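# below: sequence and its predicted model.
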Amino acid sequence: MKYLLFKAALLFSIAISAHAQQFNISPPNPILMGDAITIALSGLPASQDVKIVAERVMTEWNSDQRVVYRAEAVFKASGAGALDLALAAPKSGSYKQADVHGLFWSMKPVQGEVAADRKLMEVRLQVRTVADDKLLAEQVITFIKQLAEVKTEKVEQFPGALFAILRPAAGTGVKAGKPAVAKRPAIILLGGSEGDTMVTRGAAPLASHGFAVLALPYYSPINWPSTKAELPTLPSAFADIAVERLNEARAWLMARDDVDAQRISIHGTSKGAEFALLAGVNLPWITSIVAVVPTDVVWEGWGPGAEPGKRSSFSLNGKPFAFVPYKDFAEEFMGFQTGADIRIRRPQDKGRAAHPAAAVLARIPVEKIKSPVMVVAGQDDQVWNSAMMAHNITERRVAAKLDTVSLIYVDAGHYLTGSGYEPTTQYNIGPMKGGGTPEGNAAAQADAWPKTIAFLKRTLAVNANANANPNPNPNP
């Protein structure tokens, strides 16, 4: 009898120890990219060092090639055998400061075969002993970029455009004879000088937060080694881009029964931020603006048929805006041949310094935008001096007592449209430099994303009655 009791106790003890180490992750899978997350462990060896290894599979830039990315860090468990990644700084490893996102953004590509069953949006976490590399616990986190309820559709009227919307709940305010739906406030999403359809990647993530999103390509360069543009009916030169094109986008949104076109925000990044701010000055129907890594002036245009120093980036009703010329623009891009760093900020800084009168004429009069404006910038931006220009925008609007939110991050660069959950370690690999540190860029993304969503919800009154316009545009 004693033997049987001993055996039962032993088996129970083994079962407990086998399951003692566990991850405590909130929210549960799947996790919408950018949502707040907690990652903690319990049942670890008390006061002992453990190593956490994180792996995910990603595709290479502009390629379908799958690559494993990995990060790891060593931590000391508490006397109770607990560990909270938001509070614990690693003793060593891929990142240094306490950061719940640290194992995600600090990943780097590693050599090796990629198992066929590995999924792109899954992150595999393993906890191992430092002394003998024994596996203590394992967990897979599944991220999603959009909610399952988001539906997308191509927009034939606009080349390459994509419309995304959260399937609306039952509501009122539609034409007779059609199903009742709640109308969503809208965002027109504008990308930067990369052009083409890359901007469409941001539509569904924004739509997951209750918006109707129209991602609108407006420029399609011919990128080497290709000899054809992805969207040949769009301009291949970034010159005299028509700001009034947004009126057509608004008309398309107005024709939909599931969109409240009285509430439209423009979200632009880089050159798209330049576009958005010019639109805010000249198109009175815009409800609010998000300008990520913005400019306070209009810059020179470029591309096929655009003689250096002769064309503006943007126009309105056929009239080009005054612009600031570049200086040594072509020389900067010689880095692709020489291997020298390419920092596009330099020819712009030199051009602005050489043409102060042009900068005065090219200034975007942001104090005329009566709608709320958010600016997001990085102090170490090497594509252009977005921090200084964001400061200028903010100061002019604050002086005019206008609703303005300014987020400027000291250790960040140009690439701030992420959510802090994806690797930032490769941003400055190669000759083209975006600026910022991996830590700084990730921290800026993780901070700016929820604040951007909050700004858009506030200014677009997401939870308002579909038939009302609770946040009418104050522009005349």
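Structure's in. What do you need?
# please look at E60 and V114 and confirm they touch.
No: using CB atoms under 8 Å, E60 is not in contact with V114, being 11.4 Å away. For glycine as for every other residue, the C-beta is placed from the backbone atoms N, C-alpha and C.
# overlap of the contact sets of these two?
Contact criterion CB atoms under 8 Å, 6 or more residues apart in numbering; residues shared by E60 and V114: V67.
# isn't there a strand covering R56?
Yes: under DSSP: H, G, I helix; E, B strand; the rest coil, R56 falls within a strand.
# now do the contacts for the most centrally placed residue in the chain.
For the chain, the residue nearest the mean C-alpha position is T417 (2.1 Å; CA atoms, centre = their mean). Counting by CB under 8 Å, 6+ apart, T417 touches G202, T269, V292, Q445.
# and stretch 325-334, what's buried?
For stretch 325-334, the neighbour count (16 or more other CB atoms under 10 Å) marks P325, Y326, K327, F329, E332 as buried.
# so which of these comes closest to T38?
Nearest to T38 among the buried residues of stretch 325-334, counting by CB to CB, is E332 at 44.2 Å.
# hmm, back to that, tell me which of the contacts of T417 fall in helices.
Q445 (DSSP state H).
# for the contacts of T417, which one is nearest L189?
Of the contacts of T417, the one sitting nearest to L189 (CB to CB) turns out to be G202, at 5.5 Å.
# I'd like to know how many residues surround the closest one.
For G202, the count of nearby residues is 21 (other CB atoms under 10 Å).
# what's the answer for V281, then?
18.
# strands of the stretch 151-300 of the chain, residue ranges please.
162-166, 184-190, 212-215, 241-242, 259-269, 288-292 (DSSP state E, counting those that start in this stretch).
# got these as a markdown table, with distance to L32 and mean pLDDT columns?
Shown next, in a markdown table, are the strands of the stretch 151-300 of the chain (distance: least, CB to CB, whole Å; pLDDT from 0 to 100):
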| stretch | distance to L32 | mean pLDDT |
| --- | --- | --- |
| strand 162-166 | 12 | 97 |
| strand 184-190 | 17 | 98 |
| strand 212-215 | 15 | 98 |
| strand 241-242 | 33 | 98 |
| strand 259-269 | 18 | 97 |
| strand 288-292 | 19 | 98 |
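# now those as JSON lines including distance to P45 and mean neighbour count?
Formatted as JSON lines, the strands of the stretch 151-300 of the chain follow (distance: least, CB to CB, whole Å; neighbours: other CB atoms under 10 Å):
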{"stretch": "strand 162-166", "distance to P45": "45", "mean neighbour count": "23"}
{"stretch": "strand 184-190", "distance to P45": "49", "mean neighbour count": "27"}
{"stretch": "strand 212-215", "distance to P45": "48", "mean neighbour count": "28"}
{"stretch": "strand 241-242", "distance to P45": "60", "mean neighbour count": "19"}
{"stretch": "strand 259-269", "distance to P45": "46", "mean neighbour count": "25"}
{"stretch": "strand 288-292", "distance to P45": "45", "mean neighbour count": "27"}
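# and of those strands, who's closest to T338?
Closest among the strands of the stretch 151-300 of the chain, using CB to CB: strand 259-269, at 29.0 Å.
# parallel or antiparallel, list what pairs with that closest one.
strand 184-190 (parallel), strand 288-292 (parallel) (DSSP bridges).
# of all these, which one is nearest L216?
That would be strand 184-190 among the strands paired with strand 259-269, by CB to CB, at 5.7 Å.
# alpha carbons of stretch 356-365, in CSV - could you do that?
Taking Å, rounded to 0.1, in the frame of the first residue of the first chain, the C-alpha atoms of stretch 356-365 are listed here in CSV:
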residue,chain,number,x,y,z
PRO,A,356,16.1,80.5,-48.1
ALA,A,357,13.9,82.7,-50.2
ALA,A,358,12.5,79.6,-52.0
ALA,A,359,11.8,78.0,-48.6
VAL,A,360,9.7,81.0,-47.6
LEU,A,361,7.6,80.8,-50.7
ALA,A,362,7.3,77.0,-50.5
ARG,A,363,6.2,77.0,-46.9
ILE,A,364,2.9,75.0,-46.4
PRO,A,365,0.6,77.4,-44.4
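# what's next to that stretch, contact-wise?
274, 277-278, 281, 295-299, 321-325, 352, 393.
# apply 6 Å and report the result again.
By CB atoms under 6 Å, 6 or more residues apart in numbering, the list of residues contacting stretch 356-365 from outside reads L277, V281, D296, V297, V298, A322, F323, V324, R352.
# show me what the mean pLDDT comes to for it.
The pLDDT scores in stretch 356-365 average 98.
# what's the spacing between it and its chain's center?
29 Å (CA atoms, centre = their mean, to the nearest Å).
# give the contact list for K108.
Neighbours of K108 in contact, by CB under 6 Å, 6+ apart: T425.
# quick one: it and R56, what's the gap?
For K108, the distance to R56 equals 11 Å [CB to CB, to the nearest Å].
# least trustworthy helix or strand in the protein by mean pLDDT?
Lowest mean confidence among the helices and strands of the chain (mean pLDDT, DSSP states H and E): helix 2-19, at a mean of 38.
# all helices of the stretch 151-300 of the chain, in order?
203-207, 245-254, 271-282 (DSSP state H, counting those that start in this stretch).
# mean neighbour count, those: which tops it?
helix 271-282 (a mean of 25; mean count of other CB atoms under 10 Å).
# name the helices or strands packed onto it?
In terms of contacts (3 or more CB pairs under 6 Å, 6 or more residues apart in numbering; DSSP states H and E), helix 271-282 is packed against strand 184-190, strand 259-269, strand 288-292.
# need those in a markdown table (columns: distance to H101).
Formatted as a markdown table, the helices and strands packed on helix 271-282 follow (distance: least, CB to CB, whole Å):
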| stretch | distance to H101 |
| --- | --- |
| strand 184-190 | 24 |
| strand 259-269 | 21 |
| strand 288-292 | 19 |
